[in-house]
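S.K.: Give me a 3D structure for the following:
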Amino acid sequence: MEEAEDISTRTTVSKWRTVSDPKHAGQLFCHELLHSNKDLKSLFLYVDIRKDKQEQDQDLVAFYKKDNIQWASPLQCKLQGDVATGSGVSRHMMSTVIYKLISGFHINLGNAAITKLFEGERDHQIPSVSRELLDRDMFTIAGRMIGHSFLHQGPSFPGLSTAIMHTLFEGSLETTPVTIRDCPDLDIRHAVEMLEGDAELKESDCVHQLCRSWNLPAPNATNRKQLSEKILFHAVIERTRPQINQFQKGLKETGLWLLLIHRRDTIPFLFPRESEAELTPQMILDCIIWPSSVTIFFESFREDDVDESDIMDVHRVTLYLKTFIENVSPVELKSLIKFWIGWEVPTAEMKVEVVEATLPTASTCFEKLRLPRHYTTYQTFHQDLCACISTSYSGFGCP
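M.R.: This next block holds a predicted model:
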């Protein structure tokens, strides 16, 4: 039996290198890596949801700050203060980790109540140049978080600048695709735009000041274009190079680097464009397994004949859910999916049950959304479902 398993594993190893679909290649690689480490001591990720947000975020950071860890070891997650157990908790935890990287940690490092590791506009995010974050190895932690989530089929990290990804994966400096949108500092942007324009530059303006502070030559009639490119490159790449090096180190420690250098077509799945990472109503509707009757939990209460009112209730409530999915915002869609299955990535078979209950609940381990049959107006259904899915970031939703 063990010999057959070893043969299967070796076959999987060869497949991730040769399979044509890059997404499938990534899944095969992660499966093989996790399988090869299945006998190692488990990692335990515990977060106490009874604590305040700052303490919870500190617990997450402390877990990923540990050095000399085999991140492909078996993972056990626990939400202390919540009865939920199983794979749904792990999905919830990975989703929370990536959500915190995107939205910021409730950790005050001296200048803000919420600390963001990346800054900038949509699909042009770059590492923060904060020295405090660098000294605390926060970008190594970010690399570990993103790699760890990917290993466990969790959410990816969207919106990273193409120029940063190019540098992260050791592209040549000469071909780094830096654009002005990669620079989050508006003063630097203004200086670049002034150099690219035709207006006369004065000794006292921001361009001269910036050149002096960065030991660059003073602007003149012949070097404006070259100087604008140097300033932009320095602002986006050279100032963030130590952060990028830390980020790369964290990713390598998760074991993913072999995949990423041999199958570069998998990189967009680790770092998708933000627009590509958005959920659409049709993406969700295509994954749902709809009920045909009311679900009865206790067989002694089941009647042999299906009542016509049961069919009507199922039809009405499922129609309400379809209407909800088709009309709410992308943010609310993500909250719904996280409440339903534990993270924002839809799975192939997300089940719906119509039941006797007061409020919507979810069984994340079984990927089931349970909706009460009593709703007779969409307004009430919408109100209750919104209230329930809003719990998915403060707790675990409903087990």
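S.K.: Strands along the chain, start to end?
M.R.: Counting by DSSP state E, the segments of the chain that form strands are 43-48, 75-80, 118-119, 126-127, 288-289, 350-355, 361-363, 368-372.
S.K.: Quick one: mean pLDDT for the last one?
M.R.: Computed over strand 368-372, the mean pLDDT rounds to 95.
S.K.: Just the angle for that strand relative to strand 350-355, thanks.
M.R.: Comparing the axes of strand 368-372 and strand 350-355 via axes from the mean of the first three to the mean of the last three Cα atoms, to 10 degrees yields an angle of 30 degrees.
S.K.: If you rank every helix and strand of the chain by mean pLDDT, what lands last?
M.R.: Taking mean pLDDT, DSSP states H and E as the measure, the helix or strand of the chain with the lowest value is helix 2-18, at a mean of 57.
S.K.: most neighbours per residue, which of the strands of the chain?
M.R.: strand 126-127 (a mean of 26; mean count of other Cβ atoms under 10 Å). The C-beta positions use only the backbone N, C-alpha and C, and glycine is treated the same way.
S.K.: so where do the helices sit in the stretch 1-150 of the chain?
M.R.: Under the criterion DSSP state H, counting those that start in this stretch, helices of the stretch 1-150 of the chain are mapped to 2-18, 22-36, 53-65, 87-103, 131-135, 138-151.
S.K.: Relative to Trp290, which of these is closest?
M.R.: Ranking those by proximity to Trp290 (Cβ to Cβ) places helix 87-103 first, at 21.0 Å.
S.K.: one step back: got the helices of the stretch 1-150 of the chain as JSON lines, with distance to Ser213 columns?
M.R.: Below are these laid out as JSON lines (distance: least, Cβ to Cβ, whole Å):
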{"stretch": "helix 2-18", "distance to Ser213": "48"}
{"stretch": "helix 22-36", "distance to Ser213": "43"}
{"stretch": "helix 53-65", "distance to Ser213": "32"}
{"stretch": "helix 87-103", "distance to Ser213": "31"}
{"stretch": "helix 131-135", "distance to Ser213": "16"}
{"stretch": "helix 138-151", "distance to Ser213": "24"}
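S.K.: what's the closest of those helices to Thr266?
M.R.: Of all the helices of the stretch 1-150 of the chain, helix 22-36 sits nearest to Thr266, with 4.5 Å by Cβ to Cβ.
S.K.: Buried residues in stretch 319-326, which are they?
M.R.: By 16 or more other Cβ atoms under 10 Å, the buried positions in stretch 319-326 come out as 320-321, 324-325.
S.K.: Farthest-apart pair in those, please.
M.R.: Put simply, by Cβ to Cβ the two of these set farthest apart are Tyr320 and Ile325, 9.9 Å from each other.
S.K.: who touches both of these two?
M.R.: Common neighbours of Tyr320 and Ile325, using Cβ atoms under 8 Å, 6 or more residues apart in numbering, do not exist here.
S.K.: In helices only, show me the buried residues of stretch 319-326.
M.R.: The subset of the buried residues of stretch 319-326 located in helices under the criterion DSSP state H comprises 320-321, 324-325.
S.K.: For Gly159, state which of the residues you listed is nearest.
M.R.: Closest to Gly159 out of these is Ile325 (23.9 Å), distances taken as Cβ to Cβ.
S.K.: Skip the chain neighbours and tell me the closest residue to the closest one.
M.R.: Using Cβ to Cβ, 6 or more residues apart in numbering and skipping residues adjacent in sequence, the residue nearest Ile325 is Pro281, 4.9 Å away.
S.K.: quick one: contacts for that neighbour?
M.R.: Applying Cβ under 8 Å, 6+ apart, the residues near Pro281 are 325-326, 333.
S.K.: Over to Asp137?
M.R.: With contacts defined as Cβ under 8 Å, 6+ apart, the neighbours of Asp137 are 65, 246.
S.K.: Tell me how far it lies from Gly250.
M.R.: With distances taken as Cβ to Cβ, to the nearest Å, Asp137 is found 8 Å from Gly250.
S.K.: Arg181 too?
M.R.: For Arg181 relative to Gly250 (Cβ to Cβ), the value is 26 Å.
S.K.: more neighbours, the two?
M.R.: Legend: neighbour count by other Cβ atoms under 10 Å for Arg181 and Gly250, higher for Gly250 (22 against 15).
S.K.: Near the nearest residue to that one once chain neighbours are set aside, how many residues? Count them for me, please.
M.R.: With Cβ to Cβ, 6+ apart as the criterion, Gly250 has its nearest non-adjacent residue at 2.2 Å, and that residue is Gly143. Gly143 sits with 25 neighbouring residues when counted by other Cβ under 10 Å.
S.K.: before we move on, what about the one 4 residues further on?
M.R.: Residues within reach of Gly147, counting by other Cβ under 10 Å, total 24.
S.K.: mind listing what Asp265 touches?
M.R.: Applying Cβ under 8 Å, 6+ apart, the residues contacting Asp265 are 22, 25.
S.K.: So for it, what's the pLDDT?
M.R.: 97.
S.K.: roughly how far apart are it and Asn68?
M.R.: Using Cβ to Cβ, Asp265 is found at 31 Å from Asn68.
S.K.: quick revisit: closest one of the buried residues of stretch 319-326 to Arg224?
M.R.: Closest approach between those and Arg224, by Cβ to Cβ: Ile325, at 52.1 Å.
S.K.: quick one: the closest one from Thr85, how far?
M.R.: As defined by Cβ to Cβ, Ile325 lies at a distance of 28 Å from Thr85.
S.K.: can you give me the helices for the stretch 151-300 of the chain?
M.R.: If you assign secondary structure with DSSP H, counting those that start in this stretch, the helices in the stretch 151-300 of the chain sit at 162-168, 186-196, 206-213, 224-233, 241-253, 257-262, 267-270, 274-277, 281-285.
S.K.: Name the nearest residue to Ala72, ignoring sequence neighbours.
M.R.: Closest to Ala72 by Cβ to Cβ, 6+ apart is Asn37, at 4.4 Å.
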